[in-house]
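Generate a structure from the sequence data that follows.
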Amino acid sequence: MKTERLTVLEKVGFGAGDLAVNVVISAMFLILTFFYTDIFGLKPSDVALLLLLANLVDAVTDPLMGLINDRYTTRWGRYRPYFLIFSVPFGISVFLTFSTPDFDYNGKLAWAYATYIFVKLMFTAVTIPYISLIGVLTDNPKERLSANGYRLFFAKIGAFMVSIVVPIMAAQWGEDNLAKGYQMSMGLMALIAVAMFLFCFVTTTERVHHTTEVQSLWSQFKILARNDQWLVLSAVCVAGTLGYTIRAGVAAYYAKYYLGGEEKLISTFLATGVTAAILAMVASTWITKVYCKVKLFRYTQLLVGVLSVLMFLLVGPGDTALALVLYFLLSFVVDLHAPVFWSALAEAIDYGQYKTGKRVAGLGFGGMTFFQKAGIGIGGAILGGLLTYFDYVPNVPQGDFTLTGISLLLTIIPGVFHVVMGLFMFKYFITDDYYDEIKVKIGITSELVAD
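Alright, predicted model coming up:
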């Protein structure tokens, strides 16, 4: 009997692509700000400006990459060829970003700008096709949700590798030269990322066929502006990325200064959050089999706000055990929404075709990463700016005002953004039953694969 079910191998291959993506995105969230200030020696204010400007410039390239995806198809498909073409340049860009040449301060700043923009451009070249791929693997919402569960599980494996392996290996390989250690450990992560993208290319198949009309960029923007569900998800993306960027970016500072640890505790604290997120991917897949995925999204993000306030009030400087427990719980609840978001995006693209009569897929997916990267840039700028405001100075004991600020940056400040994200989701209404109606009306077709 033929079905639309994806094989386990294909889901694993699809997930492997996000492991590769998360070598970069997890490094950006979890260690890059810390690396720039405490290892590379940049001022927090300069890091804030770097993250803001580079991400905003890079965000413009996302819609352009989406347009390219819409216009060109090869014998390997519309999206998969970019994994083959750009995987190696992607790996090289990661290695260079975490390289620290012996320049003066201005030279280091210029190097940081050049390599960070380079890695973000390579990130765009592989990520826009990757996040679009789910829309052509299958048109079955349950299978999309399952595939996204695999994807986000592997994404968290990538984050786990970056969070626990990189700080420890950097300390071991770097000995008295942490900069060299970070270069070598992130170089290893880059090699793994290249291999994972190639594995994704080999094991996945583009079987859903959409007829994409060639349209001008402006006309596509106007069509997307009429897609109210895509607009809701765009607002959700910005709010959630701001919260996640601030919390993840300050986590290493929290472990080192607020809890009073070194590289081992930094690794343990980061890994605690990532482990919780991995378990959340699995739990979300199970929960959404019996409970509405949209409601899960809404209420978990509201709960994040409550947990954030509790962690701020209950955990004092040096309270390592309690901090690890509450951070695990907070990170688990935060990421229960993640598989839902990316499957919802694919469904919102189809909804837009149903509502407007025109399909805008490349720009729809690419535009979402625009908002994600804008959120990363703004969130990084907020983090750097507030570290400066709270009188943070790298590699010295911090005063009470600074420690309170670091705690706020891990808890209440990002918690507010997650609550806003949950409230936005009350405007999202594409359920599985409604999506089945949409599929029939827009005539989605797919190649069926045997069980």
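
check contacts around the nearest residue to residue 175 once chain neighbours are set aside.
On the basis of C-beta to C-beta, 6 or more residues apart in numbering, the spatially nearest residue to residue 175 that is not a chain neighbour turns out to be residue 181, at 7.4 Å. From N, CA and C alone the C-beta is placed, and that goes for glycine too. The neighbourhood of residue 181, defined by C-beta atoms under 8 Å, 6 or more residues apart in numbering, consists of 169-175.

For residue 181, which three-state class applies?
Using DSSP: H, G, I helix; E, B strand; the rest coil, the structure places residue 181 in helix.

any idea how far residue 187 is from it?
The span separating residue 181 from residue 187 equals 11 Å under the rule C-beta to C-beta, to the nearest Å.

mean confidence score for stretch 438-451?
Averaged across stretch 438-451, pLDDT comes to 55.

begin at 25 from here
Renumbered: residue one is now 25, and that last one reads stretch 462-475.

Residue 454 should be in a helix, yeah?
No: going by three-state DSSP, the assignment for residue 454 is coil, not a helix.

Strands along the stretch 325-474 of the chain, start to end?
Assignment of strands within the stretch 325-474 of the chain using DSSP state E, counting those that start in this stretch yields the ranges 469-470, 473-474.

how close does residue 183 sit to residue 412?
The span separating residue 183 from residue 412 equals 27 Å under the rule C-beta to C-beta.

Which one of those two is surrounded by more residues?
When residue 183 is set against residue 412 and neighbours are counted by other C-beta atoms under 10 Å, the residue ahead is residue 183, at 27 against 16.

Spit out the contact partners of the more buried one.
46, 50, 53-54, 298, 301.

in what helix or strand does it lie?
Taking DSSP states H and E as the definition, residue 183 sits inside helix 165-184.

Convert the C-alpha atoms of that helix to CSV, please.
Once non-C-alpha atoms are left out, helix 165-184 reads as follows in CSV (Å, rounded to 0.1, in the frame of the first residue of the first chain):
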residue,chain,number,x,y,z
PRO,A,165,0.8,17.7,8.2
LYS,A,166,1.4,14.8,10.6
GLU,A,167,4.5,13.7,8.6
ARG,A,168,5.7,17.3,8.5
LEU,A,169,5.3,17.6,12.2
SER,A,170,7.2,14.3,12.7
ALA,A,171,9.9,15.3,10.3
ASN,A,172,10.3,18.6,12.1
GLY,A,173,10.5,16.7,15.4
TYR,A,174,13.5,14.8,13.9
ARG,A,175,14.9,18.0,12.6
LEU,A,176,14.7,19.9,15.8
PHE,A,177,16.0,16.9,17.8
PHE,A,178,19.1,16.9,15.6
ALA,A,179,19.3,20.6,15.8
LYS,A,180,19.6,20.3,19.6
ILE,A,181,22.2,17.6,19.2
GLY,A,182,24.2,20.2,17.2
ALA,A,183,23.6,22.7,20.0
PHE,A,184,24.6,20.1,22.6
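
List the contacts of the helix or strand following it.
For helix 165-184, the succeeding helix or strand toward the C-terminus, using DSSP H and E, is helix 190-198. The contact list for helix 190-198 (C-beta under 8 Å, 6+ apart) reads 51, 55, 202, 204-206, 208-210, 212-213, 276, 287-288, 290-291, 294.
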